[in-house]
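Visitor: got a predicted structure plus its sequence, pasted below:
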Amino acid sequence: QVQLVESGGGLVQAGGSLRLSCAASGRTFTSYPMGWFRQAPGKEREFVAAISWSSGSTYYADSVKDRFTISRDNAENTVYLQMNSLKPEDTAVYYCAVVVKRYYVYYQKESYDYWGQGIQVTVSS
């Protein structure tokens, strides 16, 4: 059974930082791209960041570029999202996901095959 489990969310003041982790189990995802998405109440799930299997390539939504950093530790089967300079508009449920398809578009949620259950991030003003 494949599982992706997010941790590290919570409540933080604007300008603060959080580090999300996503631990994978049930299968090794070291050869596959992984990503983070988020969904605010009443809004569509949106792309945040993605990383290639080798960590050689990273991609970010414009709204988080220069504030968020995605990384992965393949030995631990874990992907991270370091979030700095957080803003109230970053408040959302954050999901990690993995692509196992051969062909995919990294910023499209439909490309991702497995998802975590999500974790709440709340940024107060």
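Guide: Sure thing, it's come through. Since this is a predicted model, take the numbers as computed values, not measurements. Numbers count the residues shown, from 1 in each chain.

Visitor: what's the burial count for residue 45?
Guide: When neighbours are defined as other C-beta atoms under 10 Å, residue 45 has 16 of them. All C-beta atoms are positioned from the backbone trio N, CA, C, and that covers glycine.

Visitor: what about the residue nearest the centre of the chain, helix or strand, and which?
Guide: The centroid of the chain falls nearest to residue 36 when counting by C-alpha atoms, centre = their mean (2.1 Å). Secondary structure from DSSP states H and E places residue 36 in strand 34-39.

Visitor: check which residues of that strand are buried.
Guide: By neighbour count on 16 or more other C-beta atoms under 10 Å, the buried set for strand 34-39 is 34, 35, 36, 37, 38.

Visitor: residue contacts, the last one?
Guide: Think residue 38. Applying C-beta atoms under 8 Å, 6 or more residues apart in numbering, we find residue 38 in contact with 45, 46, 48, 90, 92, 93, 94, 95, 121.

Visitor: return the member of those nearest to residue 2.
Guide: Closest approach between these and residue 2, by C-beta to C-beta: residue 95, at 14.3 Å.

Visitor: give me the mean pLDDT for the host helix or strand of that closest one.
Guide: Under the criterion of DSSP H and E, residue 95 resides in strand 92-98. If you average the pLDDT over strand 92-98, you get 97.

Visitor: how about that strand, which residues are buried there?
Guide: So strand 92-98, judged by 16+ other C-beta under 10 Å, has buried residues 92, 93, 94, 95, 96, 97, 98.

Visitor: beta partners for the residue nearest to residue 70 when sequence neighbours are not counted?
Guide: In this structure, residue 70 finds its nearest non-sequential neighbour in residue 49, 4.0 Å apart by C-beta to C-beta, 6 or more residues apart in numbering. Judged by DSSP bridges, the bridge partners of residue 49 are residue 36, residue 60.
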